[in-house]
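A.B. asks: my questions concern the predicted model and sequence given below.
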Amino acid sequence: MSSEIVYNRISMLRAERGISRKDLATALGVHYQTVGYLERGEYSPSLFLALRIAEYFEVPVEVVFSLTPFARLGSGGGT
Amino acid sequence: MRRWIDRRVRERVALIENSPARRVWTGRRNRRRLVIAGGAALLVLWAGLVVIVRFAPSDLARNVYLSMFALAVAVLVPVYGWLTLATKGVTTIPAEYLDERQRGEQQRAYTGAHTLTTVVLAVLVVLAGLWSTGGRLTLDVPTALLLPLALTLLATHYTLPLLLEGWRLPDPPPDEDD
């Protein structure tokens, strides 16, 4: 396997909904630094945690996680 | 008993989280300085064994070894405490109180320390083999060596996971209130 990077949109979803890192960590039952490491892409979650994060934000898991980088806002379409 | 342990662990976690000293040592550079100091203290402990082998039994060996031991302990005790704070107690808190990332960190630290301890023991075996005379596989060592050797092995075994974790951890994400 060439790369095991899992990209995610946790920080975007969190900012969008005004949720602090500590609140998210408490809801997920993890240490708040774990949320920070996830957001920085320095930790890839287990399938269980990934599903719980998606469930928390009420979105499908592929909205939060991807094996390829997410397109930057405003970079698609060019209109 | 279970509730008592649970309360004690939670108190320790809260102590680690709220300690003002944690912020000083949590950055990688300062943390690695602590690891270097701790590693040096362990080396002093091992060097003390050489003093015993070479000069015991004598007052010189006793005084030099005790001085080295005191120096190592004076360094190791605070280093151990500060590194525990800096690593959020990942190597000392029971796994069931950690999240999945922390459990992974703990496992990596213990696996790495196990490998290193194996290397240390293998080196000891080789040295003992080289040191034994005439292929008889027997050694003449001062009995004064036994307790310090056990202590040094214990200190090495006990501190290596923390030293490895302190060296390896990346800089933590900044707290939101920073």
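C.D. replies: Everything's here; your move.
A.B. asks: quick one: is the helix ranked longest in chain B near chain A?
C.D. replies: Assignment by DSSP state H gives helix B:100-131 as the longest helix of chain B. Yes - judged by C-beta under 8 Å from any C-beta of the partner chain, helix B:100-131 comes into contact with chain A at B:100-102. C-beta: built from backbone N, CA, C; applies to glycine.
A.B. asks: same list, those, but as TSV with pLDDT please.
C.D. replies: Listed next are the residues of helix B:100-131 next to chain A as TSV, based on pLDDT from 0 to 100:
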residue	pLDDT
B:100	96
B:101	95
B:102	95
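A.B. asks: please, which helix or strand holds the residue nearest the centre of chain B?
C.D. replies: Centroid-nearest residue in chain B, with C-alpha atoms, centre = their mean: residue B:159, separated by 1.6 Å. Remark: residue B:159 resides in helix B:146-168, with elements defined by DSSP states H and E.
A.B. asks: pLDDT weak spots in chain A?
C.D. replies: A:1-3, A:73-79 (pLDDT under 70).
A.B. asks: for chain B, same thing?
C.D. replies: The model of chain B has pLDDT under 70 over residues B:133-135, B:176-178.
A.B. asks: up against chain B, what does chain A have?
C.D. replies: Contact residues (C-beta under 8 Å from any C-beta) of chain A with chain B: A:20-22, A:29-34, A:36-37, A:39-40, A:42-43, A:45-46, A:48-49.
A.B. asks: would you show me how to pick out the buried ones of these in ChimeraX?
C.D. replies: For the buried members of the residues of chain A next to chain B, the matching ChimeraX selection, counting by 16 or more other C-beta atoms under 10 Å in any protein chain shown, is:
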select /A:21,30,31,32,33,34,36,37,39,43,45,49
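A.B. asks: hang on, the earlier thing: and the residues of helix B:100-131 next to chain A, which is closest to residue B:17?
C.D. replies: residue B:102 (12.8 Å; C-beta to C-beta).
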